[in-house]
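Trainee: Show me the folded form of this:
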Amino acid sequence: MPAHNRHRRTRTRNTRGLTRLYTAAAAGGAALVVPLVAATHAGAATPAASTTVASTTYKVVKGDTLAKIATAHHVKGGWKQLYQDNKSVIGANPGLIHPGTVLTLGAPAKAVVKAKPAAATTASTGWMKPVGDAAIGTGYKASGSLWSSGSHTGVDFLVGTGTPVHVVAAGTVVSAGADGAYGNDVIVRHADGKYTLYGHLSQTLVSAGQSVTEGQEIGISGATGNVTGPHLHFEVRTTPSYGSDIDPVAYMAGHGVTI
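Mentor: Just a heads-up that it's a prediction; the model follows:
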């Protein structure tokens, strides 16, 4: 990658009308017009002590909504399925349910099981490869007349044009755009004070000053700048400037990533 005087751098039902709470004032068995997604309050739609998620019926009480009932009883398919299963007794308006109405709950949804925290040996290090498991073509410090410094200042990942390029760790974008022999590139400063560079992009997706998180897509691979074919040139530097490169393989290994 030669350069002049430097290296290449189903249609949803409209519920807007149901967002207010209306309560009929008539005593005993009054109809309730309530929002489908009203906030749950203490005691509302709470099953009795003897009720389990396997219950097949439920009697509506004052303050209930289909959403609260479906949530409290783990109804598979949520309030929409609950309404479909009971449309004949509820009527055309799912927001209008009467105290005393007996609803069929159907099959309960599977209980949600919280995932256990990952073991320390498999926990994320906060670092990752820029283009997955792509093979490396030209390695770090490969010698030759192709480079103005006499050797390669990064590693080249063999990827075709159009491959998403991800930042290897959280940081702040220092520059993004045209950069001489590097074509379009992105340079990111990380918390340890080091910089990573992603070169020959067909498109950059971030801008200078922008904060990025680990794995965020920052560009699309290409063949801009001084290249003989599409690939991603990846560098690690001690400063944002050319000539301050360090071994990217060793650097990434120090952060738990093998490339």
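Trainee: give the contact list for Gly199.
Mentor: Gly199 sits next to 8-9, 154, 179, 182-185, 225, 232-235 when contact means CB atoms under 8 Å, 6 or more residues apart in numbering. To be clear about C-beta, it is placed using only N, CA and C from the backbone, and glycine gets the same treatment.
Trainee: switch to 6 Å and redo it
Mentor: Tyr182, Asp185, His233 (CB atoms under 6 Å, 6 or more residues apart in numbering).
Trainee: Looking at those residues, which one is closest to Gly100?
Mentor: Proximity of those to Gly100 was ranked by CB to CB; the top entry is Asp185 with 69.1 Å.
Trainee: follow-up on the earlier one: any chance of the contacts of Gly199 in a markdown table, plus neighbour count and pLDDT?
Mentor: Shown next, in a markdown table, are the contacts of Gly199 (neighbours: other CB atoms under 10 Å; pLDDT from 0 to 100):
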| residue | neighbour count | pLDDT |
| --- | --- | --- |
| Tyr182 | 28 | 95 |
| Asp185 | 26 | 98 |
| His233 | 28 | 97 |
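Trainee: now, which of those residues sits nearest Gly106?
Mentor: When the contacts of Gly199 are compared for distance to Gly106 (CB to CB), Asp185 wins out at 56.4 Å.
Trainee: out of the contacts of Gly199, who's nearest Val89?
Mentor: Asp185 (64.7 Å).
Trainee: picking up where we left off before, can you pick out the ones from the contacts of Gly199 that are in strands?
Mentor: With DSSP state E as the criterion, strands contain Asp185, His233 from among the contacts of Gly199.
Trainee: so Ala142 makes contact with His152?
Mentor: Yes. With contacts counted by CB atoms under 6 Å, Ala142 reaches His152, the gap being 4.2 Å.
Trainee: more neighbours, these two?
Mentor: Neighbour count, other CB atoms under 10 Å: between Ala142 and His152, His152 has more, with 21 against 14.
Trainee: worst-scoring helix or strand of the protein, pLDDT-wise?
Mentor: For the chain, counting by mean pLDDT, DSSP states H and E, strand 22-23 ranks last in confidence among helices and strands (a mean of 38).
Trainee: and Gly63, that one's in a helix?
Mentor: No. Per DSSP: H, G, I helix; E, B strand; the rest coil, Gly63 lies outside any helix segment and is coil.
Trainee: That one and Ala72: what is the separation?
Mentor: Distance, Gly63 to Ala72, by CB to CB, to the nearest Å: 12 Å.
Trainee: cool, and Ser244?
Mentor: 61 Å.
Trainee: The two: who's more crowded?
Mentor: Ala72 (18 against 14).
Trainee: State the phi and psi torsions of the more buried one.
Mentor: Dihedral pair for Ala72: phi -60, psi -30, per degrees, to the nearest 10.
Trainee: Please apply the same query to Gly180.
Mentor: phi 60, psi -130.
Trainee: Check which helix or strand the closest residue to Val174 other than its chain neighbours maps to.
Mentor: Closest residue in space to Val174, ignoring its immediate chain neighbours: Ile187 at 4.5 Å, by CB to CB, 6 or more residues apart in numbering. Assigned by DSSP states H and E, Ile187 belongs to strand 184-190.
Trainee: Output that strand as PDB, nothing but the C-alphas.
Mentor: Written as PDB, here are the backbone C-alpha positions of strand 184-190 (Å, rounded to 0.1, in the frame of the first residue of the first chain):
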ATOM      1  CA  ASN A 184     -11.500   6.400   3.900                       C
ATOM      2  CA  ASP A 185     -10.600   5.500   7.400                       C
ATOM      3  CA  VAL A 186     -11.700   5.900  11.000                       C
ATOM      4  CA  ILE A 187      -9.400   6.500  14.000                       C
ATOM      5  CA  VAL A 188     -10.700   5.800  17.500                       C
ATOM      6  CA  ARG A 189      -9.000   6.700  20.800                       C
ATOM      7  CA  HIS A 190      -9.600   4.200  23.600                       C
END
